[in-house]
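Colleague: Quick one: sequence and predicted model below, then my questions.
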Amino acid sequence: MRIVRHLTMALWVVVLFGFGFSSGQASDRIPVAVSILPLGDFTRMIGGGRLDVRVMVPPGTSPHTYEPTPASARMLATVRVLILNGLGLEFWAEKLIDAANNPALVVVRTAEGLEILENERDDEQPAGDGDRTVHSTRGNPHVWLDPINAIHQVKGIRDAIKQADPDGIDVYQAHAARYIEELNHLDEEIRQTVAKFETRKLINFHAGFSYFIRRYGLEQVAVVERTPGREPSPKEIANIVETAKRFGIKAIFAEPQFPPKAARVIAEECGAQVLFLNPLGDPPDFSYVETMRRNLRQLTKAMGNGD
Ligand SMILES: [Zn+2]
């Protein structure tokens, strides 16, 4: 079983790095497109090798600043299912779906049905480009960073895939059940770790971990970039530094999809270190569960565990 799983992982790596999308994967597998890496991992875990999963937002890129290419539209013309997060995270999806002209395409928005957090103020407007409509009116999109929400998303993906490929129903059902168990374990692991934190307060890079923070009773006292991709003003920096000093914050979090410059400036001013939280995951750590474990280790460094 383990070997089979590793083999599947190896194939996945090929898919991930072969961003040519339609570069001749085994034709008997069901082609499925997903927007972001975590949804790709959920889909792969459910698929049991029956699916050819293509991730649209490349590793190292934020969905907030992603620009689809003509190849993405061509790819969407050939897949059976498109799995999205929703809530405006994929602000580019509607146009792309139109351009793909694939009437049989099943589109799933996996955040549907979840309790959605408001965006703080006018957060999360994308940098620069004013004509993009982002999630500001639709709430905070980062639902997947709460493993219990992730379970909801896994169920949505499972049901859509079952509909697209009824022959594989038993496979999808069994794999999804096993993965949901794994996500429940992750939730328990996070609860136990967070219970030992010496502080609940943190300063995050942007509002990406709001669902995680709510689930586990943490408190975000400031964010570095209210608009991901746009650096804070000197006045905002001064405010964050003051907040950090007031609460004795030991680390300022950055995210690998954005330059850490502002986080470094703030950290230097208040004598904190810069640590990274990854809301998406990057190869070779493209497993959602492993990415969350790594985030948990970073959080533990910042918040202390009594050692
Ligand atoms: Zn974000």
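Modeller: Happy to help now that I have it. Numbers count the residues shown, from 1 in each chain.
Colleague: in terms of contact count, name the helices or strands touching the longest helix anywhere in the chain.
Modeller: When secondary structure is assigned using DSSP state H, the longest helix within the chain turns out to be helix 169-194. Packed against helix 169-194 by the contact rule (3 or more CB pairs under 8 Å, 6 or more residues apart in numbering; DSSP states H and E) you find helix 37-47, helix 147-164, helix 288-303. Where C-beta positions appear, they are placed from N, C-alpha and C, glycine not excepted.
Colleague: which regions of the stretch 1-150 of the chain sit below the pLDDT cut-off?
Modeller: Where the stretch 1-150 of the chain drops to pLDDT under 70, the residues are 1-27, 120-137.
Colleague: where exactly do the strands run in it?
Modeller: With strands called from DSSP state E, counting those that start in this stretch, the stretch 1-150 of the chain shows them at 30-34, 51-55, 81-84, 106-109.
Colleague: Which among those is found nearest to Phe91?
Modeller: Closest to Phe91 of the strands of the stretch 1-150 of the chain, according to CB to CB: strand 81-84, at 10.7 Å.
Colleague: Touching the closest one from outside, list them.
Modeller: With CB atoms under 8 Å, 6 or more residues apart in numbering as the test, strand 81-84 has contacts from 30, 32-35, 39, 43, 76, 90, 93, 97, 105-110, 157, 160-161, 164.
Colleague: Make a ChimeraX selection of whichever of those residues turn out to be buried.
Modeller: This is the ChimeraX syntax for the buried subset of those, where burial follows 16 or more other CB atoms under 10 Å:
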select :30,32,33,34,35,39,43,76,90,93,97,105,107,108,109,110,157,160,161,164
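Colleague: Helix or strand: which one has Leu202?
Modeller: Taking DSSP states H and E as the criterion, Leu202 maps to strand 201-204.
Colleague: just checking, what packs against the helix or strand just after that strand?
Modeller: The C-terminal neighbour of strand 201-204 among helices and strands, as given by DSSP H and E, is helix 210-215. Contact analysis of helix 210-215 by 3+ CB pairs under 8 Å, 6+ apart lists helix 147-164, strand 219-223 as its packing neighbours.
Colleague: okay, these in TSV with distance to Gly86 next?
Modeller: What follows is the helices and strands packed on helix 210-215, written out as TSV (distance: least, CB to CB, whole Å):
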stretch	distance to Gly86
helix 147-164	10
strand 219-223	22
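Colleague: Highest mean neighbour count across those, which stretch is it?
Modeller: helix 147-164 (a mean of 21; mean count of other CB atoms under 10 Å).
Colleague: what does that one contact?
Modeller: Under the criterion CB under 8 Å, 6+ apart, residues 30, 32, 38-39, 42-43, 45-47, 51, 80-81, 83, 85, 106, 108, 110-114, 143-144, 168-169, 172-173, 176, 179-180, 183-184, 186-187, 190, 211, 215, 288, 292 lie in contact with helix 147-164.
Colleague: Tabulate the strands of the stretch 1-150 of the chain in TSV, adding columns for distance to Thr61.
Modeller: Compiled in TSV, the strands of the stretch 1-150 of the chain are given as follows (distance: least, CB to CB, whole Å):
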stretch	distance to Thr61
strand 30-34	14
strand 51-55	10
strand 81-84	16
strand 106-109	21
